[in-house]
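Enquirer: Need coordinates for the below:
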Amino acid sequence: MTADKVKEKGIPKHILITAWAIALGAIAPMLDSTMVNIAVNQLTTDFHTTLGTIQWAITGYILALAITVPVSGWLMNQFNGKKIFIGAVIAFGVISVLAGISWDISSFIFFRLLQGCSAGVITTLMFTLLVKTTGQEYLGRVMAIVSTPMIFGPILGPIIGGFIVQMASWQWIFFINVFIVLISAPLMMRKIPDFEPFNKESKLDLFGIMILSIMSATFIYGITKAADHATFNNHETILWMGIGLVLALIYFVYNRIKRNETVLPMNLFAHRNFAASSAGLFLANIAIMGPMLILPLFFQTFLDCTVIQTAIALIPQGVGMLITRPFIGKMIDRVGAKYVLIVSLFLSLIGSIPFIFITDHTSMIWISIILFIRGASVGGTSLPLMSEAYTGLNSKQLPEAGVGINIIENLGSSFGSAIIATAVATVIQGFHPTIANQLQAYHIGFLVATMILALIFIPGLFLRNKNKAKDTLTLE
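Expert: Take a look at the predicted model:
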């Protein structure tokens, strides 16, 4: 290989610096959203409240994030993206302090809602701004960098949260965000370039934003009720999911009337890569994030692990991600997202199928190996889909595409947790509470996740390979 080719393949320094700066800004909300789950018992005790009430702090965060996503698209169209992103990161840090010093459960839930709003802006802008600064040649490697917080959050969040709760108190789950922001904010101010408004002429689509926000919130709330009732056949889930479907239909008709001049134009899905990536990301978030809910419970229920032991047991999964992630980005740029996705899905199945047969006597060595394989394949499943979603779009479509991808991922994550939790709870309720029957319930949960994982092969086949996708990303 000649020196010119090596130089050509290297990521320009300014793009690399921008990617790392944006990734640092997104670390706090990505970790925070999952670390809180570890502290549920402590929160229930300290606030003298019930698990159901505490759950509102977790569900409310997700709902607030989902509601803010459509607004973020308009903010990018009207204002300097750099200022909006940094402002949201600083706001998240300030609100984290308030959440940490909450004086009662009501104030805690309120501050969690505000956190969710700022997190919605951060997660929507992070990908869109990176796509704006790079081209197709470097997109895979750059996405591997900037998406690290989003993927590491669900994997490393419970681990870090477990150590914090064990060594200090739940308040430090929020206080630690201040240190992250103090480090990332000055770096972002210096290293992230200014971004001109994407489409200053666009008007605030209040009706579209309202419909999409409420639709996302009702879908997510409805699916969480399925987990609460341990069945999808309950009046609350049917009611809220039905309202969500009606709102989706209203938005579709509204978009047709407005001829795609909306906050999320439906003609985006006419792009094959965007449509296939969206379907794949929805399934991937169900299959990957869903088991993250029951894995810690498995260790604590069947292996008698403490919170800190559970956190340690999950480390191999994070190590697998850490080792393979840089190579995945390079392979996407070299051979194309389609081939990387297909190979990664096979590895994902190898790291998922054994959990269908795992027992309380399974060696921790084997479990660690399986978790490592699972972690190693996670990036190769999500990264190709994320990078290909923007291929073929022009600059003015990026904010709308960012809105669409975030809504789809939020819905997928929520559906994943609820579907797996409901599957496990339904089976447990149908049997006597013996160890064998409880194990069977967890096996069903892992089986459901594995089947959904296999379905990703279908949208994956519609992704374009490298030579067809090359130079189709238009950002001028």
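Enquirer: Over to residue 391. Which of the three states is it?
Expert: Three-state assignment for residue 391 (DSSP: H, G, I helix; E, B strand; the rest coil): coil.
Enquirer: Tell me the gap between the helix or strand hosting residue 372 and the middle of its chain.
Expert: For residue 372, the element it lies in under DSSP states H and E is helix 364-389. Helix 364-389 has its C-alpha centroid displaced from the chain centroid by 14 Å (C-alpha atoms, centre = their mean, to the nearest Å).
Enquirer: just checking, what packs against that helix?
Expert: Other helices and strands packing on helix 364-389, by 3 or more C-beta pairs under 8 Å, 6 or more residues apart in numbering; DSSP states H and E, are helix 139-146, helix 148-167, helix 272-302, helix 307-313, helix 315-335, helix 337-350, helix 398-430. The C-beta positions use only the backbone N, C-alpha and C, and glycine is treated the same way.
Enquirer: now it against helix 315-335, angle please.
Expert: 30 degrees (axes from the mean of the first three to the mean of the last three C-alpha atoms, to 10 degrees).
Enquirer: May I see the buried residues of helix 364-389?
Expert: Judged by neighbour count (16 or more other C-beta atoms under 10 Å), helix 364-389 contains these buried residues: 367-368, 370-389.
Enquirer: Tell me where the model's unsure across the stretch 251-400 of the chain.
Expert: Regions of the stretch 251-400 of the chain meeting the criterion pLDDT under 70 are absent.
Enquirer: Show me this protein divided up by domain.
Expert: The domain map for the chain lists 11-197, 206-262, 268-476, with the assignment taken from automatic domain parsing.
Enquirer: confidence score at residue 469?
Expert: With respect to pLDDT, residue 469 scores 45.
Enquirer: mind listing what the closest residue in space to residue 374 that isn't next to it in sequence touches?
Expert: Distance criterion C-beta to C-beta, 6 or more residues apart in numbering; nearest residue to residue 374, sequence neighbours excluded, is residue 351 at 3.3 Å. By C-beta atoms under 8 Å, 6 or more residues apart in numbering, the contact list for residue 351 reads 370-377.
Enquirer: Now distance to residue 188 too, for those residues, in JSON lines please.
Expert: Converted to JSON lines, the contacts of residue 351 look like this (distance: C-beta to C-beta, whole Å):
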{"residue": "370", "distance to residue 188": "38"}
{"residue": "371", "distance to residue 188": "33"}
{"residue": "372", "distance to residue 188": "33"}
{"residue": "373", "distance to residue 188": "35"}
{"residue": "374", "distance to residue 188": "32"}
{"residue": "375", "distance to residue 188": "28"}
{"residue": "376", "distance to residue 188": "30"}
{"residue": "377", "distance to residue 188": "31"}
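Enquirer: Considering those, which is situated nearest to residue 307?
Expert: Residue 307 lies nearest to residue 371 out of these, by C-beta to C-beta, at 17.4 Å.
Enquirer: thought the closest one was touching residue 312?
Expert: No: if you go by C-beta atoms under 8 Å, residue 371 and residue 312 don't touch, sitting 11.5 Å apart.
Enquirer: one step back: let me know which of the helices and strands packed on helix 364-389 is the nearest to residue 182.
Expert: Nearest to residue 182, of the helices and strands packed on helix 364-389 and by C-beta to C-beta, is helix 148-167 at 16.8 Å.
Enquirer: what's the burial count for residue 356?
Expert: Per other C-beta atoms under 10 Å, the neighbour tally for residue 356 reads 16.
Enquirer: Please report the distance of it from residue 444.
Expert: 9 Å (C-beta to C-beta, to the nearest Å).
Enquirer: And for residue 71?
Expert: In terms of C-beta to C-beta, residue 71 sits 39 Å off from residue 444.
Enquirer: Compare those two and say which one has the larger neighbour count.
Expert: Regarding residue 71 and residue 444, a neighbour count based on other C-beta under 10 Å identifies residue 71 as having more, with 21 against 17.
Enquirer: how about the strand or helix carrying residue 41: buried residues?
Expert: Residue 41 is part of helix 40-46 when elements are defined by DSSP H and E. Neighbour-count burial for helix 40-46, with 16+ other C-beta under 10 Å as criterion, is recorded at 40, 42-44.
Enquirer: mind checking how far residue 133 is from residue 406?
Expert: 19 Å.
Enquirer: Let me know the pLDDT of residue 472.
Expert: 48.
Enquirer: Then residue 448?
Expert: Note on residue 448: pLDDT of 90.
Enquirer: Next, count neighbours for it.
Expert: If we define neighbours as other C-beta under 10 Å, then residue 448 has 21 of them.
Enquirer: cool, and residue 429?
Expert: Using other C-beta under 10 Å, residue 429 is surrounded by 11 other residues.
Enquirer: That one and residue 15, how far apart?
Expert: From residue 429 to residue 15 the distance is 52 Å (C-beta to C-beta).
Enquirer: cool, residue 44 as well?
Expert: 46 Å.
Enquirer: burial measure for the closest residue to residue 265 other than its chain neighbours, as a count.
Expert: Distances taken as C-beta to C-beta, 6+ apart place residue 400 nearest to residue 265, at 5.7 Å, with adjacent residues excluded. Neighbours of residue 400 under the rule other C-beta under 10 Å: 26.
Enquirer: Begin at 159, not 1, for the rest of this chat.
Expert: New numbering, starting at 159: the last item is residue 558.
Enquirer: What separation do you get for residue 558 and residue 232?
Expert: As judged by C-beta to C-beta, residue 558 and residue 232 stand 10 Å apart.
Enquirer: Mind listing the shared neighbours of the two?
Expert: Common neighbours of residue 558 and residue 232, using C-beta under 8 Å, 6+ apart, are residue 421.
Enquirer: In contact with residue 234, which residues?
Expert: Counting by C-beta under 8 Å, 6+ apart, residue 234 touches 242, 282-283, 286, 353, 355-356, 556-557, 560.
Enquirer: how about residue 620, secondary structure?
Expert: coil.
Enquirer: Quick one: residues contacting it.
Expert: 430, 433-434.
Enquirer: pLDDT below threshold where in the stretch 159-308 of the chain?
Expert: Low-confidence segments of the stretch 159-308 of the chain, defined by pLDDT under 70: 159-168, 195, 209-210, 213, 293-295, 297-298, 302-308.
Enquirer: Tell me where it has helices.
Expert: Remark: helices assigned in the stretch 159-308 of the chain by DSSP state H, counting those that start in this stretch are 161-167, 171-196, 198-204, 209-236, 239-258, 263-291, 297-304, 306-325.
Enquirer: how many neighbours does residue 362 have?
Expert: For residue 362, using other C-beta under 10 Å, the count is 13.
Enquirer: Now it: which helix or strand?
Expert: Going by DSSP H and E, residue 362 is not in any helix or strand.
Enquirer: Quick check: it vs residue 420, distance?
Expert: Residue 362 is 11 Å from residue 420, where distance means C-beta to C-beta.
Enquirer: what do you get for residue 517?
Expert: According to C-beta to C-beta, residue 517 and residue 420 sit 51 Å apart.
Enquirer: between the two, who's got more neighbours?
Expert: Neighbour tally, residue 517 and residue 420, criterion other C-beta under 10 Å: the higher count belongs to residue 420, 24 against 11.
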